[in-house]
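# Generate coordinates for the sequence data below:
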Amino acid sequence: MADEIRAEMGANVWKVVTAPGATVTQGDTLVILESMKMEVPVHAETGGTVARLAVHEGDTVQEGDLIAVID
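Residues are numbered from 1 along each chain as shown. Got it, this is the predicted structure:
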């Protein structure tokens, strides 16, 4: 079952740390968001393979926007 990782707040995508096809474990950082000059890492909630990465560096996300899908 795929696990969708969604933004918890509105922010800018400061850095993308992973890529589609990468193997991740629970707790690995996928992307780093920037909000109000604070860096907020977004972690994998489960282990698996990054099936889709829905953001790029410089994108703006809103609360609930899809960031990644992990299979």
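# alpha carbons only for contacts and neighbour counts from here, please
OK.
# Show residues contacting the particular helix or strand that has residue 51 in it.
Assigned by DSSP states H and E, residue 51 belongs to strand 48-53. For strand 48-53, the surrounding residues in contact (Cα atoms under 8 Å, 6 or more residues apart in numbering) are 19, 20, 21, 22, 23, 24, 25, 67, 68, 69, 70, 71.
# Please convert those residues to JSON lines, extending it with pLDDT.
Output for the contacts of strand 48-53, formatted as JSON lines (pLDDT from 0 to 100):
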{"residue": "19", "pLDDT": "96"}
{"residue": "20", "pLDDT": "97"}
{"residue": "21", "pLDDT": "97"}
{"residue": "22", "pLDDT": "97"}
{"residue": "23", "pLDDT": "97"}
{"residue": "24", "pLDDT": "97"}
{"residue": "25", "pLDDT": "97"}
{"residue": "67", "pLDDT": "98"}
{"residue": "68", "pLDDT": "97"}
{"residue": "69", "pLDDT": "97"}
{"residue": "70", "pLDDT": "97"}
{"residue": "71", "pLDDT": "95"}
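# so residue 17 sits right up against residue 28, yeah?
No. Applying Cα atoms under 8 Å, one finds residue 17 not in contact with residue 28, separated by 9.4 Å.
# Pick out whichever of those two has more residues nearby.
residue 28 (17 against 13; other Cα atoms under 10 Å).
# So what pairs up with residue 16 in the strands?
residue 31 (DSSP bridges).
# Now do the same contact list for it.
30, 31, 32, 55, 56, 57.
# Specify the local secondary structure of the fourth one.
Which is residue 55. coil (DSSP: H, G, I helix; E, B strand; the rest coil).
# what helix or strand is the nearest residue to it once chain neighbours are set aside on?
Of all residues not flanking residue 55 in the chain, residue 67 sits nearest, at 5.8 Å (Cα to Cα, 6 or more residues apart in numbering). Assigned by DSSP H and E, residue 67 falls within strand 66-70.
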